[in-house]
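Asker: Sequence and predicted structure below; questions after.
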Amino acid sequence: MWQRQLHLREVSDAMPRAAMQERPRIAITVGDPAGIGPEIAIAAAGSREVRAVCEPVLYGPHSPEALAAFSAGVVSAEAGQASYDAIVAAVRDAQAGVVHGIATGPVHKEAFAACGLPWKGHTDLLGHLTGSRQVAMMFYSEPLRVVLATVHVPLSDVPRLLTQTLLEDVITLTARSLPDFGYAAPRVGLAGLNPHAGEHGLMGHEDDAVLRPAVEACRARGIDVQGPFPGDTVFLKATRGAFDVVVACYHDQGLIPVKLLAFGQSVNVTLGLPIIRTSVDHGTAFDIARQGTADASSMVSAITLAARLAKGRMATDSAPRHTSELS
């Protein structure tokens, strides 16, 4: 069950028609309809900040009549299916050029599982839907940018999953993607896995046996990457200007500093997709769903970043190419 609604009204009368036509269309999926996704999506889509930079398009149940089918704060297969259907529709439209990017509301992993979906969240699902070989989750904020090498896996599985090949792929994808965000020659820092980055084998062997060789291999290919650095200092180094982005080994290692510094303003971005996808930095917040207290600031940030990235791609696509590029 999903609904698509173009929000083209309430545009300032002072905005020139040409400026309206230049604005990208951004799909906004409302996420799990039992959570706060629909209300923050509607609030963000109606905000002047969003309407100034894009034409927002809502996907998923968001009207009072449609939401009545879902109990607020309750995990259900029906809600999981509705959020999945909205994502599929938005991806299809992005691939077809109907919209120029996607900003997603939060989904619930248990609701996905309840309706038989194998994916644990947006990142792996979007990789599947677009046939992308390598994707990664980045959290983007002004004070700090972090890319995760592993995402929604048990901590006990991280050392096994953190192979040299995986790290090389994530570091390479990060370096290739950062120019889209304004970092023409990105400086990448790698966080160590173990305390003190292993202390030369005294606190674990992975940093020397896996992480360091991955850094050396990437540096040999011309990527400006350093590390591994102890996890308790690398993020501080980044905020003080040593790096443009940090690659973290696991979920909480990377997200704790980002959310501490920029919760509500940071944006979840999927790297490696052929389409633009951003998202909020929080979950479904079932405990406050439909109480009118949800903060839409992260959704606003996600939509405006998607619009900025889309504008960049639109400008690149419309730029005249040299004769040699057309041959």
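Answerer: Perfect, I can see it now. None of the values given here were measured: they were computed from a predicted structure.
Asker: tell me which helix or strand of the protein sits lowest on mean pLDDT?
Answerer: Across the helices and strands of the chain, mean pLDDT, DSSP states H and E gives its lowest value to helix 323-326, namely a mean of 35.
Asker: Now do the strand or helix carrying residue 94: which elements does it pack against?
Answerer: Using DSSP states H and E, residue 94 maps to helix 77-96. Packing partners of helix 77-96 (3 or more Cβ pairs under 8 Å, 6 or more residues apart in numbering; DSSP states H and E): strand 25-29, strand 55-59, strand 101-104, helix 109-114, helix 122-130. For the C-beta atoms, the positions are set from N, CA and C on the backbone; glycine is no exception.
Asker: how distant is the second one from the center of its chain?
Answerer: Its chain's C-alpha centre and that of strand 55-59 lie 18 Å apart, by Cα atoms, centre = their mean, to the nearest Å.
Asker: Low-confidence regions, the chain specifically.
Answerer: For the chain, applying pLDDT under 70 flags the ranges 1-21, 318-327.
Asker: Spatially central residue in it, please.
Answerer: The residue lying closest to the centre of the chain (Cα atoms, centre = their mean) is residue 269, at 2.0 Å.
Asker: That residue: helix or strand, and which one exactly?
Answerer: Going by DSSP H and E, residue 269 is part of strand 267-271.
Asker: And for residue 119?
Answerer: Here residue 119 is assigned to no helix or strand, by DSSP H and E.
Asker: What distance do you get for it to residue 93?
Answerer: 20 Å (Cβ to Cβ, to the nearest Å).
Asker: which residues touch the strand holding residue 269?
Answerer: Around strand 267-271, the neighbours that count as contacts under Cβ atoms under 8 Å, 6 or more residues apart in numbering are 122-123, 126-127, 135-141, 147, 173-174, 177, 277-281, 298, 301-302, 305.
Asker: Report the angle between it and helix 122-130.
Answerer: 40 degrees (axes from the mean of the first three to the mean of the last three Cα atoms, to 10 degrees).
Asker: Show me how far strand 267-271 is from its chain's centre.
Answerer: For strand 267-271 - counting by Cα atoms, centre = their mean - the centre lies 2 Å from the chain centre.
Asker: One more: stretch 107-119?
Answerer: Here the centre of stretch 107-119 is set off from its chain's centre by 19 Å, with Cα atoms, centre = their mean.
Asker: Mind listing residues that contact that stretch?
Answerer: Contacts of stretch 107-119 (Cβ under 8 Å, 6+ apart): 31-32, 34-35, 37, 75-81, 83-84, 87, 120-122, 125, 128, 152, 283-284, 286.
Asker: rerun at 10 Å
Answerer: With Cβ atoms under 10 Å, 6 or more residues apart in numbering as the test, stretch 107-119 has contacts from 29-35, 37, 70, 74-84, 86-87, 120-122, 124-129, 152, 279, 283-284, 286.
Asker: Which residues are in contact with residue 283?
Answerer: 31, 32, 35, 36, 37, 106, 107, 108, 109.
Asker: looking at this, the first one is in a helix?
Answerer: Spelled out, it's residue 31. No. Under DSSP: H, G, I helix; E, B strand; the rest coil, residue 31 falls outside any helix and is assigned coil.
Asker: didn't it look like it was pressed against residue 42?
Answerer: No. Between residue 31 and residue 42 there is no contact under Cβ atoms under 10 Å: 11.9 Å.
Asker: Comparing the two, which shows the higher neighbour count?
Answerer: Neighbour count, other Cβ atoms under 10 Å: between residue 31 and residue 42, residue 31 has more, with 31 against 20.
Asker: Am I right that residue 39 sits in a helix?
Answerer: Yes. With three-state DSSP as the criterion, residue 39 is located in a helix.
Asker: how many neighbours does the closest residue to residue 249 other than its chain neighbours have?
Answerer: Spatially, and ignoring its direct neighbours in sequence, residue 249 is nearest to residue 193 (4.7 Å; Cβ to Cβ, 6 or more residues apart in numbering). By the criterion of other Cβ under 10 Å, residue 193 has 24 neighbours.
Asker: Please report how far residue 111 lies from residue 155.
Answerer: For residue 111, the distance to residue 155 - Cβ to Cβ - is 24 Å.
Asker: Off-centre distance for the longest helix along the chain?
Answerer: Determined from DSSP state H, the single longest helix within the chain is helix 297-318. Put simply, helix 297-318 sits 12 Å off its chain's centre (Cα atoms, centre = their mean).
Asker: what angle sits between that helix and strand 267-271?
Answerer: 40 degrees.
Asker: quick one: helix 297-318 to strand 55-59, angle?
Answerer: 120 degrees.
Asker: list the buried ones in helix 297-318?
Answerer: The neighbour-count check on helix 297-318 (16 or more other Cβ atoms under 10 Å) flags 297-312 as buried.
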